[in-house]
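> Structure of the sequence below:
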Amino acid sequence: MPLDPAHGAGLAGHVPAKVKNKCEMTRMDSSTRLRTEVVQLRESNARLKKLINKLKESNRSTLHLNKKLSNLALKDPHTGLYNRRHFKDTLEKELALAKRHAQALSVIMMDIDYFKAVNDVYGHTFGDLVLKQFTKTLQKAVRRYDVLFRFGGEEFMMIAPRADRPTGLILAKRLLKTINAHRFGNKTHAINLKVSVGVASYPEDGVVIRGLDLVTLADRILNKVKEYGGNKVFSSKDLEKLEGKAASESDANKVIELLKKKIYRLSQRANQSLIEAIFALAKTIGVKDWYSDVFTKRMMHYAIDIAKMLKLPNNEIEHIRKAVILHDIGKVGINENILLKNSKLTTGEFEAMKKHPQLSTDIIRPLYFLRGTVPLILYHHERWDGQGYPHRLKGKEIPIGARIIAIVDAYRSLTSNRPYRKAYSKGTAIKILKKESGTKFDPQVTAAFLEILGR
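Sure thing, here's the model as predicted:
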C-alpha cells in the first residue's frame, strides 16, 4: 500500500532517541576535550613562565658570578687590594689621562724592610696578619682618589692621580710616618715596621712613554733607599744626587773610599737584617719568660750610659748594645716549667737554668759580625767575687761588657714581677745593688749605674 506523503514527511523529521543521545555524547566529549586541552595549555604556559623566570634568575646569577670572578681576578685575596695585573692596566689608563689633560701623576712604591725575618721568627700566620693590618693602615692614610695595589710579597704600589713630585713626596712621607707610628701584631707579639719608599712622577721624571717606565724608575729609587739603610723616602732627585756624587769622584782614592763606604753600608744592611731576625726571635722568649722583652730597650739605654760614663770605646759600646738585646736568647732552650716556677729551684733545675748563657752563645756564634758579643753574653752571670757561672771568673777576668750587663740585668729582674715574688720598688732595688757591690757586682760599674739611676 502506498505511503501517505504526510506520513513520510513525519518519519523523515523524527530522530531516534538512541541516535540523538549518541550525538549529544559526542558534543560533550568534544567540549570536555577542549576544556582539558585549555587547562593543559594554561599549565604548560605556567610551567614555561616558571622556566623563563628560572632562566632569567640563572642569567642574573651567572652575571653576578662572572662579575665576582672578574673582581677576584683583579684583587689580591689576602689583603683585598687590587693586584699586580690590575695595577698595570690602571697605570696605563691613568698615564693616558694625565697626558691628555696635561696633569701630573705619581707612582709610589713601598717595600717592607726585613719582612722575611718576621715570617721566619713568628711564622707566616703572624706575617699574614701583619700584612692585613699594614694594608688597613695604608688605606686610612691615603687620599680618596689614590689607589693602592699589592704588587707582590711585601711590595705595595700606590697610584696618585694629579700628584706632582713634591705632592708625591708629601704623600709618601705621610705614609711612612703613619706606618712607623703604628704597632702591628697581636696581644702576644707587637712589632714596628720599617718601609723603604720610592716616588716616581710624571712629567718631572723625563720622558715617560709607558707606565712601566715609571715603575722601573720607582724600583731603581727604592733600591737606592735600601742601599742607604731603608725606612726613608727618595725621589729621582735623591737618585740623581747620590749617583751624580759617585760619578764626580774622579780621584782614584776617593773612588776606592766611596766603594768601601758602599760595601760597608750593604754589609750593615745585611747585618741589621740578621740582628732584627735574632732580636725578633729573642722576643719570642716572652712566651716563656714574659718579663724579658719589657725592659730590653731600657736595659740597652742603661748599659750604653754606663759604658759611656766609663769612657769605653765606641766599638765596645756597640758590642754591649747587641749583647744586651741577645743575652737571654738561650732561654728558648730552657724548660718552661723551670722559667715560670713560683718557688725556689731545685739543684737540678738551677743547673739547667745555668746553661742558658752557653745556649745563647751557641745560637749566635755562627754569625761572624756578632763575634764581639759572645764573651759578654757567655759571662754575664759571672760574679765579681768569683762565685758566678759558667766558669767562676773573678774580678777583671770578667769582660767589662759582661759586668755591665750583669748589673742592669739584675736591676731589671729586681724591678719586675716574677713568678715567685712581686717587683721591688726602685729604692729597694738600689739598696740591694749597693749591698752586693764588691761581691756580686763590679764596684766601679755599680757606682756608675747608681749615679745614672739617681739622675
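> Please report the distance of Phe449 from Met299.
11 Å (Cβ to Cβ, to the nearest Å). In short, each C-beta sits where N, CA and C put it, glycine included.
> what do you get for Leu131?
Per Cβ to Cβ, Leu131 is found 31 Å from Met299.
> Compare the two and say which is more crowded by neighbours.
For Leu131 versus Met299, neighbours defined as other Cβ atoms under 10 Å are more numerous around Leu131 (24 against 19).
> Outline the domain layout of this protein.
16-73, 84-248, 265-453 (automatic domain parsing).
> CSV for the ones you listed, including mean pLDDT?
Shown next, in CSV, are those (pLDDT from 0 to 100):
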stretch, mean pLDDT
domain 16-73, 69
domain 84-248, 89
domain 265-453, 83
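> any idea how far Leu55 lies from Asn180?
Counting by Cβ to Cβ, the gap from Leu55 to Asn180 is 56 Å.
> If you could redo that for His356, that was the one I meant.
Here the criterion is Cβ to Cβ. By it, His356 lies 33 Å from Asn180.
> Arg35 too?
From Arg35 to Asn180 the distance is 84 Å (Cβ to Cβ).
> One more: Asp164?
25 Å.
> The two: which has the busier surroundings?
Counted by other Cβ under 10 Å, Asp164 and Asn180 do not tie: Asp164 has more neighbours, with 16 against 12.
> Find the nearest non-adjacent residue to that one, please.
Nearest residue to Asp164, sequence neighbours excluded (Cβ to Cβ, 6 or more residues apart in numbering): Ala104, at 3.8 Å.
> Can you read off the backbone torsions of that neighbour?
phi -90, psi 160 (degrees, to the nearest 10).
> what number of residues lie near it?
Counted with other Cβ under 10 Å, residues neighbouring Ala104 total 18.
> Over to the one 5 residues further on?
Neighbours of Met109 under the rule other Cβ under 10 Å: 24.
> That one contacts Asp219, doesn't it?
Yes: using Cβ atoms under 8 Å, Met109 is in contact with Asp219, at 6.4 Å.
> Name the residues contacting each of those two.
Residues touching both Met109 and Asp219 (Cβ atoms under 8 Å, 6 or more residues apart in numbering) are Gly198.
> What segments of the protein are strands?
Ranges of strands within the chain are 105-112, 147-152, 155-161, 184-185, 190-191, 195-202, 233-235, based on DSSP state E.
> Could you dump those strands into CSV and include distance to Ile398?
Below are these laid out as CSV (distance: least, Cβ to Cβ, whole Å):
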stretch, distance to Ile398
strand 105-112, 41
strand 147-152, 50
strand 155-161, 47
strand 184-185, 37
strand 190-191, 34
strand 195-202, 41
strand 233-235, 45
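> just the ones you listed: most buried one?
Stretch with highest mean neighbour count among those: strand 195-202 (a mean of 27; mean count of other Cβ atoms under 10 Å).
> would you list every one of the helices in the stretch 351-455 of the chain?
356-364, 374-378, 400-414, 426-436, 443-453 (DSSP state H, counting those that start in this stretch).
> just the stretch 1-150 of the chain next, same as before
Secondary structure of the stretch 1-150 of the chain (DSSP H, counting those that start in this stretch): helices at 5-12, 17-74, 84-100, 115-122, 124-141.
> Quick one: neighbours of the nearest residue to Ile405 once chain neighbours are set aside, just the number.
Once flanking residues are discounted, Ile405 sits nearest to His380: 4.3 Å by Cβ to Cβ, 6+ apart. Residues within reach of His380, counting by other Cβ under 10 Å, total 26.
> what sits against the residue lying closest to Ala190 once chain neighbours are set aside?
Leaving aside its sequence neighbours, Ala190 sits nearest to Arg183 (Cβ to Cβ, 6+ apart; 4.5 Å). The contact partners of Arg183, taken as Cβ under 8 Å, 6+ apart, are Ala190, Ile191, Asn192.
> What distance do you get for the second one to Phe126?
Meaning Ile191. 9 Å.
> and for those two, which residues touch both?
Contact criterion Cβ under 8 Å, 6+ apart; residues shared by Ile191 and Phe126: Val118, Gly185.
> is it true that the residue nearest to Ile405 touches Ala402?
Yes: proximity of His380 to Ala402 meets the contact threshold set by Cβ under 8 Å, at 4.8 Å.
> what residues are shared contacts of the two?
With Cβ under 8 Å, 6+ apart as the test, His380 and Ala402 both reach Ala323.
> can you redo the helices of the stretch 351-455 of the chain as a markdown table with mean neighbour count and distance to Gln40?
Listed next are the helices of the stretch 351-455 of the chain as a markdown table, based on neighbours: other Cβ atoms under 10 Å; distance: least, Cβ to Cβ, whole Å:
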| stretch | mean neighbour count | distance to Gln40 |
| --- | --- | --- |
| helix 356-364 | 20 | 86 |
| helix 374-378 | 24 | 93 |
| helix 400-414 | 23 | 92 |
| helix 426-436 | 14 | 97 |
| helix 443-453 | 17 | 100 |
